[in-house]
Every structure is written in structure tokens, then in C-alpha cells.
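>>> got a sequence here, can you model it:
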Amino acid sequence: MVDSPQERFFSGKALKKLIYNSAFRAKIMQVLVVVVTLGLGYFLLSNIVGNLRQMELPFGFGFITSTAGFDVSWSLIPYDPSMSYGRVYLVGIVNTIVLSIFIIIFSTLLGFVVGIARLSRNFLVAQFSRWYVEFFRNVPLLIQIVFWFIVVFSTLPAPRKSFDLFDTFFLNNRGFYFPSPVFQSGFTWALLAAVIAALCFLVLSRWSGSYRKSTGKQLAFYYPALVALLLFVGVVFVLADKPLNWIIPALKGFNFEGGSFIPSAFAAAFVAMTIYRSASIGETVRAGIQSIDKGQLEAAFAIGFPPLKTLRLIIVPQAARAILPPLINIWLTIVKESSLAVAIGFPELVSVFMQTSLNQTGRAIEIVLMVMGFYMCASLTISFLLNQYNKRIQMQEG
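Numbering: from 1, shown residues only. Sure thing, here's the model as predicted:
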């Protein structure tokens, strides 16, 4: 008599087969991990909410719409004390993102210079770069931030005795003042012309690169085309009646009015973090370049490639495969390290939301969760975008 499938399963034969199946066990373990994680999260959240209710402390995010009632020392978006805590949260996010972007851009550029200089045949250049890396990388970042703020920027002269450049740019112990643009009605046409010129430049660059790869020569009209694009933007700008003016800062009383302003706390945090992270990026770049076979460099010199073109077209594109993975981690760290600017009073997210807003509302759990959520989302976004790019530049086998 032949056993039915149900009988064979419950007899243990099929069950044993499933248990000894590694793929089945892996799926079961993944499901168990997800269930346990969600259960633990639910338990912790319900426990927190229950404890808060016993203490007669509400849990919720309704306070976001309440009026903040306090001022923020510096904001890139419009803000006044009559706005809500949600606006304060947005102000902190924008300030944090802007600071992080500036640090990422300039620390990466400086890091590449330092990394390349570390491999220089000039003894003084190589040793200076080496000690630059060793010094700034081994001094704690918080100490460097405080040093630049207290010792450097806070000791600059008062606004009445500011350092100035062409009576247009001013630097003093309150910050850096510079002209701000004023856009008029015809600026849309000038902006549209600039966008069209930028798109044409991208198409021309791609076409020029393909032509150079296939023939080894540069397009004869490449540079004249660039000049023509610039002239096109200039002509549209003039025909639109020059729809861009500038408001220059002017000293009135004890401070400057008009123009734009960067506080000394921003400048100190920017300089300290840029220098600190450029040292780490420099070592990453040095290691990436050294991972390239020396034969590549010798072959480039043998066919007459100049050093800068060899570095730009041969060495760096190949080294990028080794440089980018650790560089992603450094960029993620920069975003999170921007919270250290709270030590010198820069109004980033931790300062205006996890300190001032928390002290006023008492909603510690909600505010901490919102701040953690921002840093997590920012880190995951950067990681996703750069990992996608990293996959594109990796060598494909097959």
C-alpha cells in the first residue's frame, strides 16, 4: 500500500528533508529574526508609552505644530519665533545639510591634493603632506573645532575694524559678510539659457570623450564650442536687461546690514572638520593610487603622457574603485560629526531641536527619535547613491 503525501510528511521523512535543506533553514532563520526584532521593538515602544502614561506624560508628535517662541541665531530659510517646532526641525536639518555638503566637497578636494602630494618625488612636499596627515588625524575633532572657534575666529577684530576685500567682503569676529544676489523679472530667461548651455556642454563632453577614445584626438571645435556657449548665455543675460543685482553689506552702527552672512561658528566648524577629514581622505587616496600597478604609470610616460594628464585620465579613474568604498564611510561620518558643532553654538539640528526645543517641550523621546530618524535617512540616502555609482565603476567580469 502506497502512503499518501500527507502520511509521508507526518511520518517525518519530508520534514527531515526540509530541516536538512540549508536554503529552507536560512529562510526560516530570516523570518525568525524579523519577527523577534519587530516583537522586541513593539515591546519596548509599548513599555515606554505605558510608563509615560503612568507618569502622566503624553506620548505623541502633536507638539510639532505648536509655536516655538524662541529665535534661531542663523537660518538659511525664513524663520521667526512665531513659527512651529516643525519649522525649527526643518531649520536644523537645512543648516546641518549645508554644513555637511560644504565639508564633504572641500575635504574631498583637499584630501585628493594631500593624497597625491604624499606620493610626490619632492622630499619637502611629501614630508609636509605626511606630517599634515599625522598631526590633524590624531588630534580629536572636538578639540580642533573649539580651537578654531576660540583661538582663531573669536580673536578677529570687531565689525568696525573688519578685514575687507574691495569694500565688498568683510571678515570679523561675528562672521563673514558678502554680497547677496537680487533676482529681477528677466532672470528666468538668463537661467533658462544657462541650463540649455549646461546641457549642451554635457552632450558635447560625452561626444568629445567618445571621439577621443575612438580616434585618440580631441574634437577640433571643442573649445570654440565652449566659448560660443558662454557667449550665448552672456547675450541672453544682456538682452534680459541684466536681471541680477547685488546687495553689498554696509556697516551701520555696530554691525553690518544687507548682504549675506556666515556666522563664525559655521566657519570654525567648517574649517576644523574640513582639515580633519581631509587628512583621512588623503590617506585613502594615497592607498588607492598605490594599489594601481606601476606598469600603468610607466606605460603612460613611455607614450609621452604628461604627469597631470596621466593622473587624471589613467591613475585616478582606476584608483577610484579602491578609493570610493572607504570614501563613502568617511562622507557618512561627516554628516554625523556635524552634530559636534553644537559645542560652539552653531544652530544645527542637535542644537536647536535636541537642546532648545527639548528643554521647552520636555518631549525627549519624540525629539530624539526624530533626530535619529534624520541622521539614519541621510546616511542611508548617501550610502545608496554612492553604492550605485560604485557598482557602475567597478570592473565587470565576463
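
>>> use CA for all of it now, contacts and neighbours both
Noted.

>>> does residue 33 count as helix, strand or coil?
helix (DSSP: H, G, I helix; E, B strand; the rest coil).

>>> where's it relative to residue 389, distance?
From residue 33 over to residue 389 the distance is 31 Å, taken as CA to CA, to the nearest Å.

>>> with residue 109 instead?
Distance from residue 109 to residue 389, by CA to CA: 19 Å.

>>> now the strands for the protein?
163-165, 169-172, 175-178, 180-183, 244-247, 250-252, 255-257, 260-263 (DSSP state E).

>>> same list (these) but as TSV, adding mean neighbour count, distance to residue 67 and mean pLDDT.
Below are the strands of the chain laid out as TSV (neighbours: other CA atoms under 10 Å; distance: least, CA to CA, whole Å; pLDDT from 0 to 100):
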stretch	mean neighbour count	distance to residue 67	mean pLDDT
strand 163-165	13	39	86
strand 169-172	21	34	89
strand 175-178	22	29	88
strand 180-183	13	30	84
strand 244-247	14	32	84
strand 250-252	14	32	84
strand 255-257	15	28	83
strand 260-263	18	25	88
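
>>> quick one: closest of the ones you listed to residue 340.
strand 260-263 (15.9 Å; CA to CA).

>>> strands paired with the closest one, and their directions?
strand 175-178 (antiparallel) (DSSP bridges).

>>> what's next to the strand it pairs with, contact-wise?
Applying CA atoms under 8 Å, 6 or more residues apart in numbering, the contact partners of strand 175-178 are 153, 168-171, 248-249, 256, 259-265, 267.

>>> recalculate using a threshold of 7 Å.
With CA atoms under 7 Å, 6 or more residues apart in numbering as the contact definition, strand 175-178 has outside contacts at 168, 169, 170, 171, 248, 249, 259, 260, 261, 262, 263, 264.

>>> how about stretch 127-138?
Contacts for stretch 127-138 (CA under 7 Å, 6+ apart): 114, 117, 118, 276, 279, 280.

>>> which one of the residues you listed sits closest to residue 232?
residue 114 (37.9 Å).

>>> surely the closest one touches residue 280?
No - counting by CA atoms under 7 Å, residue 114 sits too far from residue 280 to count as a contact (9.6 Å).

>>> sort out which of the contacts of stretch 127-138 are buried, if you could.
Those of these that meet the buried threshold are 114, 117, 118, 276, 279, 280, by 16 or more other CA atoms under 10 Å.

>>> excluding chain neighbours, what is closest to the second one?
Spelled out, that is residue 117. residue 126 (5.6 Å; CA to CA, 6 or more residues apart in numbering).
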